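Chemist: Next come a sequence and a model predicted from it.
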Amino acid sequence: MYYLCIQVYSIYNWKKINQQSDDSAGILHFPLKKWGYLVLFTAALSVILSTIAIKFTNSPIPIPEGISTAMSFVAMYLLAKKYMEHWLIWIVVDVFYTIYNAVLGLYGTTLLYVVYTIVAIMGYFKWKDLYLNVKR
């Protein structure tokens with residue numbers, strides 16, 4: 001449900017950002033002074049999701065799953081706000097899932113997460129290029 005809601009919010013917010021932006025990209029950097037709050041929120045959400053995974057799932061790694069899911073939630077929120085740093089979070093999450101699936105022998109899923117990691121790296125550099133070209 002979270003991903004559905006955040007997608008609807010993203011569409012609304014991106015339209016608003018593009019209308020208010022002086023350029024076509026509207027890409028932003030997450031404010032440095034707010035990173036501490038973001039880390040604390042992600043940590044708290046990680047504890048909640050890890051606890052849920054421990055109590056209600058049979059995940060072999062509930063704590064890393066809780067952390068990566070919390071990071072995914074935060075990355076989606078940053079994407080909705082059009083912050084470039086969401087790509088960096090996705091890279092970390094995708095690398096985690098690549099390794100995790102490889103260890104489990106899920107090679108098809110491992111390949112999928114390798115592709116996701118490459119896409120996230122390419123996305124970061126594309127957004128960085130757009131941001132820098134607009135600022136010139």
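Modeler: Great, that's in hand.

Chemist: which secondary structure element contains C5?
Modeler: Assigned by DSSP states H and E, C5 belongs to helix 2-20.

Chemist: For that helix, list every residue counted as buried.
Modeler: 6, 10, 13, 17 (16 or more other CB atoms under 10 Å). All C-beta atoms are positioned from the backbone trio N, CA, C, and that covers glycine.

Chemist: Tell me the one of those residues nearest G123?
Modeler: Nearest to G123 among the buried residues of helix 2-20 is S10, at 14.6 Å by CB to CB.

Chemist: per-residue confidence for the closest residue in space to that closest one that isn't next to it in sequence?
Modeler: Excluding its sequence neighbours, the residue lying closest to S10 (CB to CB, 6 or more residues apart in numbering) is A80, at 4.0 Å. As predicted, A80 sits at a pLDDT of 94.

Chemist: Equivalent analysis for R136, please.
Modeler: For R136, the predicted pLDDT is 58.
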